[in-house]
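Q: Just a sequence and a predicted model for now, questions to come.
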Amino acid sequence: MAAHGHAEQHHGGPVAAHEHHGAGKYIVGYIASLVLTAIAFWLALGHHMAGGPLALTLLILGGLQIVVQLFFFMHVTEGDGPPFHSVGLLLGLIFTFAIALMSIWIMSFHYQVQ
């Protein structure tokens, strides 16, 4: 009987939680990723904006792409454990944006020196 009870617990656990998700969530995430990527390519390759606003727009689009990936594919909001992983992800996003902004600042510093 103990083995039978263990099998029932396994079917009600995390495996069953993933079975309840339909393909719709993944399709929406995939389409959102494609749209964000297409917008970034269109802006960058078409020279539709000046350098500064373009870099800022691409940075925002990249941040949105991270959010789409985390929520639609990596299931950040799901889980029963403590929210430590959310704090770690937030810290990672802060570091990512800080590095990207500092890189843009360093690249633009070259033009100020000349």
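A: It's in.
Q: same for the helix or strand in which Phe95 is found, what does it pack against?
A: Applying DSSP states H and E as the criterion places Phe95 in helix 84-113. Counting contacts by 3 or more C-beta pairs under 8 Å, 6 or more residues apart in numbering; DSSP states H and E, helix 84-113 is packed against helix 51-68. No exception for glycine: its C-beta is placed from N, CA and C like everyone else's.
Q: Check whether Lys25 really touches Phe72, as I assumed.
A: Yes. Lys25 is within contact range of Phe72, at 6.1 Å (criterion: C-beta atoms under 8 Å).
Q: okay, the two: which has more neighbours?
A: Applying other C-beta atoms under 10 Å to Lys25 and Phe72 shows that Phe72 carries more neighbours, namely 18 against 13.
Q: Nearest residue to the more buried one in space, ignoring adjacent ones along the chain?
A: Excluding the flanking residues, the one nearest Phe72 by C-beta to C-beta, 6 or more residues apart in numbering is Gly29, at 2.6 Å.
Q: returning to that earlier point: identify each buried residue in the helix holding Phe95, please.
A: Residues of helix 84-113 classed as buried by neighbour count (16 or more other C-beta atoms under 10 Å): Ile104.
Q: so how far is that helix from its chain's centroid?
A: Here the centre of helix 84-113 is set off from its chain's centre by 15 Å, with C-alpha atoms, centre = their mean, to the nearest Å.
Q: Could you do stretch 72-79 as well?
A: 10 Å.
Q: can you check stretch 67-76 too?
A: In terms of C-alpha atoms, centre = their mean, the centre of stretch 67-76 is set 6 Å apart from its chain centre.
Q: before we move on, the earlier item: tell me what angle the helix holding Phe95 forms with helix 51-68.
A: 170 degrees (axes from the mean of the first three to the mean of the last three C-alpha atoms, to 10 degrees).
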